[in-house]
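>>> Sharing a sequence plus its predicted fold:
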Amino acid sequence: MNAKLRVATYTYEHTEALFDGRVTIEGADATFETDPLVSNIFQRTVERRYDVAEFGLTYFLRTFDLDDSPFLALPIFPNRNFRHSSVFVNAAAGIERPQDLAGATIGEFALYGHDPGVWIKGIFADEYGLTPDRSRWVIGGTDHPIPAFDWIPQPVPDGVDVRHAADGETLAAMLESGEIDALVSVDVPRSLLQGSTRIARLFPDYETVERDYYRRTGIFPQMHIVAVPRDIALRGDLMKSVYRAFCEAKEIAQRKYRDGASKQHMAVVTPWFSRHFEENRALLGEDWWPYGVAANRKAIDTFLRYHHEQGLSKRLLTSEDIFAPALLDT
């Protein structure tokens, strides 16, 4: 009898084939759910409403400090992004480089140590000597007020000044007014997209900085993994089927771009996309969005180190601690 699986993930182009049935999970009767707010999927995952679910990497790791950690991960990374582009500053604050954030008040989206925040704090510590305890932190929503996420552990290390924004406050408005000096956020402030001159990026030419970061480190930062309750994660053949299905769906999306290169991607509405694709392919390789432990070990182990150094994990976890055993050799 096939296993019944309730699967939840955002509808990225590399998961679309799972939703429309082009790819199925062998040995499973799977139903797929999504949500416009991926954090809603995270909360329902914590509430154990899914059998297989996309989960923010920091949200997942925080559960390892519970008395009975409920999940293991599959080495599937639905969401990843370079993070130098996630840092915004008040244009009048005189902040021109990461070292200038020492003594500054910095807003952070959603919780202290959201996935982009863990990455960029770790990068700042490694490459610029700026550790989180040298700044003050205000947590909240970028353009919409959000309450504290009370459904996930929110550790704050000793010596770090962290508070939540007041009711009704948004971090983007606080940044424009100068109430905070900088912002780390997965969301770009709407006012910046609309042409505000009061907000700027810390790295104006962030693409060049991020490409250099990849050339030097080989790291393409992951934001999310796929989490599975431990009892299901130990069903090795089933986990291999889930993994293969996500890989196949991703390959369909990637193949579309590889095949489209011969026609200069005439199905894509973005001008000069083919040139951009060529640059990415030359830098990132044929599989520019890899799944599996081997291709992602350095990046994941780096995030695990950052998570521990920033006081968000009580112990330094390893890839062997967090991934389903049957997929450690992927």
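In hand now; what should we look at?
>>> Run me through the strand neighbours of the helix or strand in which residue 183 is found, direction for each.
Element membership for residue 183, per DSSP states H and E: strand 182-184. Sheet pairing of strand 182-184 (DSSP bridges) gives strand 87-90 (antiparallel), strand 105-109 (parallel).
>>> Whatever helix or strand comes next after the last one - contacts with which helices or strands?
Downstream of strand 105-109, the first helix or strand assigned by DSSP H and E is helix 115-128. If you count contacts as 3 or more CB pairs under 8 Å, 6 or more residues apart in numbering; DSSP states H and E, helix 115-128 packs onto helix 57-62, strand 105-109, strand 182-184, helix 293-309. From N, CA and C alone the C-beta is placed, and that goes for glycine too.
>>> would you turn the ones you listed into CSV with mean neighbour count, mean pLDDT and distance to residue 243?
As requested, the helices and strands packed on helix 115-128 are arranged in CSV below (neighbours: other CB atoms under 10 Å; pLDDT from 0 to 100; distance: least, CB to CB, whole Å):
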stretch, mean neighbour count, mean pLDDT, distance to residue 243
helix 57-62, 25, 98, 16
strand 105-109, 23, 98, 30
strand 182-184, 25, 98, 32
helix 293-309, 18, 98, 10
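>>> Of all those, which one is nearest residue 133?
Closest approach to residue 133 among those (CB to CB): helix 293-309, 11.1 Å.
>>> Show me what counts as buried in the helix or strand following that closest one.
The C-terminal neighbour of helix 293-309 among helices and strands, as given by DSSP H and E, is helix 319-322. Neighbour counts using 16 or more other CB atoms under 10 Å place 319, 322 of helix 319-322 among the buried residues.
>>> For helix 319-322, name the packing helices and strands.
Packing contacts for helix 319-322, counted by 3+ CB pairs under 8 Å, 6+ apart, involve helix 293-309.
>>> Give me the packing partners of the helix or strand harbouring residue 29, helices and strands only.
In this structure, residue 29 is located in strand 28-33 according to DSSP H and E. Helices and strands touching strand 28-33, as assessed by 3+ CB pairs under 8 Å, 6+ apart, comprise strand 3-8, helix 16-19, helix 236-260.
>>> Mind listing the strands it pairs with, and their directions?
In the sheet, strand 28-33 lines up with strand 3-8 (parallel) (DSSP bridges).
>>> Just checking the distance from the strand it pairs with to the centre of its chain.
23 Å (CA atoms, centre = their mean, to the nearest Å).
>>> May I see the buried residues of that strand?
Those buried within strand 3-8 under the rule 16+ other CB under 10 Å are 3, 5, 7, 8.
>>> which stretch among the helices and strands packed on helix 115-128 comes nearest residue 155?
helix 57-62 (7.4 Å).
>>> Grab the most central residue of this protein for me.
residue 223 (1.7 Å; CA atoms, centre = their mean).
>>> Verify the stated contact: that one with residue 115.
Yes. In this structure, residue 223 is within contact of residue 115 by CB atoms under 8 Å, at 4.3 Å.
>>> for residue 106, what are its contacts?
135, 136, 137, 138, 180, 181, 182, 183, 184 (CB atoms under 8 Å, 6 or more residues apart in numbering).
>>> ok, the last one to residue 25 distance?
Right, the one you point to is residue 184. With distances taken as CB to CB, to the nearest Å, residue 184 is found 36 Å from residue 25.
>>> before we move on, what about residue 280?
Residue 280 is 29 Å from residue 25, by CB to CB.
>>> Which residue ranges make up each domain of the chain?
The chain breaks down by automatic domain parsing into domains covering 3-80+222-253+292-327, 84-217.
>>> can you redo those as a markdown table with distance to residue 272?
Shown next, in a markdown table, are the domains of the chain (distance: least, CB to CB, whole Å):
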| stretch | distance to residue 272 |
| --- | --- |
| domain 3-80+222-253+292-327 | 19 |
| domain 84-217 | 14 |
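>>> Identify whichever of the ones you listed lies nearest to residue 275.
Of these, nearest to residue 275 by CB to CB is domain 84-217, at 13.1 Å.
>>> quick one: the closest one to chain centroid distance?
On CA atoms, centre = their mean, the centre of domain 84-217 falls 15 Å from that of its chain.
>>> tell me which of the buried residues of strand 3-8 is nearest to residue 52?
residue 7 (4.5 Å).
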